[in-house]
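In: Just a sequence and a predicted model for now, questions to come.
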Amino acid sequence: MPGFNSETTIEAAVVADPMLLRGLAWGEPRRAHPEGTVARHVTDLLATIEAWGEQGAQRADLRLVTLVHDSFKFAVTPWRPRTGENHHAVRARRFAERHTGDERVLATIELHDRPYALWRRMRLTGRVPRSAVDRMLERVPDTGLFTRFVQLDASTEGKRHAPVEWLLDEVAKAAPSR
């Protein structure tokens with residue numbers, strides 16, 4: 001990634017891993033990712049983190065999630081359902097677990113696409129069971145980090161913003177019970 005410099009020892013370790021590098025090189029332009037490779041998407045997100053002026057631990061967490069979140073799309077078996085251990089985000093989490101035990105970061109990596117999936121379900125069926133939203137949010141120890149990353153990931157060309165607004169509404173509705 002042009003101009004990339006590791007800011008933490010965890011970043012240095014993950015970008016030195018050949019599996020992550022293989023994942024960053026994967027991809028061609030497509031509907032939700034017109035930029036093409038995962039590396040280009042990651043580069044765009046890192047630039048947005050910079051532009052937003054993120055600092056300290058939040059910046060470090062967002063950068064780590066950014067580096068890993070989509071980097072295991074190449075490892076998904078295409079003829080199997082893209083769920084559970086065959087979902088790119090679960091594979092990314094498994095990779096990240098080798099570098100951190102921080103459940104806030106790990107849950108954000110694993111669940112980063114879940115809001116879109118639930119929003120899409122709502123658009124197709126007219127509703128999402130409250131229990132599905134609650135199950136997602138119960139697994140997220142840091143809704144601030146999670147929602148900020150979902151906003152970040154949706155900030156690139158080709159992404160819809162309606163799922164982010166939906167997620168923010170759902171988090172606000174759940175806040176009194178959390």
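Out: Everything's here; your move.
In: what number of residues lie near residue 102?
Out: For residue 102, the neighbour count with other Cβ atoms under 10 Å is 18. Placement of C-beta: from N, CA and C, glycine included.
In: Could you pull up phi and psi at it?
Out: phi -70, psi 100 (degrees, to the nearest 10).
In: May I have the residues that are in contact with it?
Out: Counting by Cβ atoms under 8 Å, 6 or more residues apart in numbering, residue 102 touches residue 61.
In: you'd agree residue 67 is up against residue 13?
Out: No: checked against Cβ atoms under 8 Å, the pair residue 67 and residue 13 is beyond contact range at 10.5 Å.
In: So these two - more neighbours on which side?
Out: A direct count of neighbours by other Cβ under 10 Å for residue 67 and residue 13 places residue 67 higher, at 27 against 14.
In: Poorly predicted segments of this structure, please.
Out: Low-confidence segments of the chain (pLDDT under 70): 29-35, 77, 81, 83-84, 176-178.
In: In stretch 132-140, which residues are buried?
Out: 133, 136-137, 140 (16 or more other Cβ atoms under 10 Å).
In: ignore the last one, stretch 68-81
Out: So, applying 16+ other Cβ under 10 Å, buried residues of stretch 68-81: 68-76.
In: Identify the residue nearest the geometric centre of the protein.
Out: residue 112 (3.8 Å; Cα atoms, centre = their mean).
In: mind checking how far that one is from residue 162?
Out: Residue 112 sits 16 Å away from residue 162, taking Cβ to Cβ, to the nearest Å as the criterion.
In: can you check residue 107 too?
Out: 23 Å.
In: what about residue 158, distance to residue 93?
Out: Taking Cβ to Cβ, one finds residue 158 at 24 Å from residue 93.
In: Between these two, which is the more surrounded one?
Out: Shown here are residue 158 and residue 93; by other Cβ under 10 Å, residue 93 has more neighbours (21 against 13).
In: sorry, back to before: of the buried residues of stretch 132-140, which is the nearest to residue 19?
Out: residue 140 (25.6 Å; Cβ to Cβ).
In: so that closest one, which of the three states?
Out: coil (DSSP: H, G, I helix; E, B strand; the rest coil).
In: Can you get me a residue count around the closest residue to it other than its chain neighbours?
Out: Setting aside the residues directly before and after it, residue 140 is nearest to residue 146 in space (Cβ to Cβ, 6 or more residues apart in numbering), at 4.6 Å. For residue 146, the count of nearby residues is 26 (other Cβ under 10 Å).
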